[in-house]
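1. what follows is a predicted structure for the sequence shown.
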Amino acid sequence: MVKVYVAGAYSAKDVVNVLRNIGRGEQYCADLFVDGFAPYCPWHDKDFVLRHPEADFTVEQFYQFSIEWLKVCDVMFLVPGWENSKGTLAEIEIAKANNIPIYDNYEQLLREQK
């Protein structure tokens, strides 16, 4: 099974757009799973906070957690709308440094990696 790091916008200026970003990212992860891939979904981090609201989580902690998964993935997929995400831009650099192929086209990913 091809391990896919799914990257894209998470943060936004308001909660509605944060929720949209989460929904978009989780939808692509679900689609990848249905299509036979093993996606890593950074947007599931929200569940740690929702289930442990009293915990003293930091953004840096979640970032480092995600990067460890990125390093062991076979490919990276960029969710549409990623272009203005500072986090995604940094993740792209890490993927490049680790020779991880990067896709921004879902159909191309399916053709080349399935």
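-> Structure's in. What do you need?
2. now do the helices in the protein.
-> 15-34, 45-51, 59-72, 86-97, 106-113 (DSSP state H).
3. farthest residue from the center of this structure?
-> Distance from the centre of the chain peaks at Glu54, with 24.8 Å (Cα atoms, centre = their mean).
4. got a list of what it touches?
-> Taking Cβ atoms under 8 Å, 6 or more residues apart in numbering as the definition of contact, Glu54 has no neighbours. Yep, even glycine has a C-beta here, placed from its N, CA and C like the rest.
5. what about it, distance to Leu89?
-> According to Cβ to Cβ, to the nearest Å, Glu54 stands 32 Å off from Leu89.
6. ok, the residue farthest from the centre of the chain to Glu60 distance?
-> Relative to Glu60, and taking Cβ to Cβ, Glu54 is found at 19 Å.
7. over to Glu68?
-> Using Cβ to Cβ, Glu68 is found at 13 Å from Glu60.
8. contacting residues for the nearest residue to Val75 once chain neighbours are set aside?
-> Spatially, and ignoring its direct neighbours in sequence, Val75 is nearest to Pro101 (4.8 Å; Cβ to Cβ, 6 or more residues apart in numbering). Contact analysis of Pro101 by Cβ under 8 Å, 6+ apart lists Asp74, Val75, Met76.
9. what's around Gly87, how many residues?
-> Neighbour count of Gly87, defined by other Cβ atoms under 10 Å: 18.
10. actually Val59, not the one I typed
-> Neighbour tally, Val59, other Cβ under 10 Å: 11.
11. also Lys3?
-> For Lys3, the neighbour count with other Cβ under 10 Å is 15.
12. over to Ile94?
-> Neighbours of Ile94 (other Cβ under 10 Å): 16.
13. lovely, talk soon.
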